[in-house]
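**Student:** This is a predicted model, with the sequence first.
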Amino acid sequence: MKSNYEEKKAAKIERFSRLAAKNLKESDSRYQTAKAIGSFIPMGQPILVGHHSEGRHRSDLKKIDNNMRKSIEADKKAAYYANKAENAENSNAISSDDPTAIEQLKKKLEGMERCQELMKAVNKIVKNKKLSEIQKVEMIVREDLLKEHQAIKILEPDFCGRIGFASYALTNNNANMATVKKRIEKLEAIEQIGNKEYEINGVKIVENADENRIQMFFDGKPSDEIRKELKGNGFRWSPYNVCWQAFYSAHAIYRANIIAKI
């Protein structure tokens, strides 16, 4: 059964929003602390070297500087997490975790294929030396390839004097189609595999095809050495699934088995 993609997405947005709020609160707290300490120092008051207040004055200045730096750092983190929350909510990218990913990718591919055929058909007319510009526009419109204003525009030479769709546009679209096809093939292959679960040295490893993840469940927090290995091999901690996980691949399966044996 496919994972609840929308639930996971909502949890991710909520987590990023919570971290943004937490860091914003810390930023304000640090700033207020620095401001409060500074209020006890008369404006422009120099450090009185040798005076009994010298030590406290230096200490206060250090605390002010430290809190202001921490305030700025927390503010940057707040902006970072707020941006991630916004991106997660508004992203139009097709996630491999989405249970409708294959269907969406196939629709995307169909659109790209139609676009490729359209560009080729338009270019064939545009490059026909037997036709006048007016005839070319009429034919493009008659064959329902482009609107009249679009057909007129496509016949205007670019900065290199080229007309029609540039060859690089067809090349790029063709390359993107190949990438989408590979994604579809990979997701379909994973879907056919199904889930697999086993244990090595007390570490439960789940080859989770449904979620497109290789997951590792440890009994407690892994050692620094193991966490370093996990991160170095593409595994990340998932608060939602309470495990270390990486995208599903033969390499991830191999590395999971190696790490579990450490």
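**Tutor:** Arrived safely, thanks for sending.

**Student:** alpha carbons only for contacts and neighbour counts from here, please
**Tutor:** OK.

**Student:** Tell me how this protein divides into domains.
**Tutor:** 5-90, 101-190, 194-260 (automatic domain parsing).

**Student:** Dump the ones you listed into JSON lines; add mean pLDDT and mean neighbour count as well.
**Tutor:** Output for the domains of the chain, formatted as JSON lines (pLDDT from 0 to 100; neighbours: other C-alpha atoms under 10 Å):
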{"stretch": "domain 5-90", "mean pLDDT": "88", "mean neighbour count": "16"}
{"stretch": "domain 101-190", "mean pLDDT": "95", "mean neighbour count": "15"}
{"stretch": "domain 194-260", "mean pLDDT": "95", "mean neighbour count": "16"}
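
**Student:** how about the nearest residue to Leu155, chain neighbours excluded?
**Tutor:** Ile163 (5.2 Å; C-alpha to C-alpha, 6 or more residues apart in numbering).

**Student:** how much space between Glu117 and Leu155?
**Tutor:** 18 Å (C-alpha to C-alpha, to the nearest Å).

**Student:** Repeat that for Ser71.
**Tutor:** Ser71 sits 57 Å away from Leu155, taking C-alpha to C-alpha as the criterion.

**Student:** now swap in Ala252 and tell me
**Tutor:** Separation of Ala252 from Leu155 (C-alpha to C-alpha): 51 Å.

**Student:** Lys127 too?
**Tutor:** Distance from Lys127 to Leu155, by C-alpha to C-alpha: 10 Å.

**Student:** Now for Ala74: which residues touch it?
**Tutor:** 23-24, 26-27 (C-alpha atoms under 8 Å, 6 or more residues apart in numbering).
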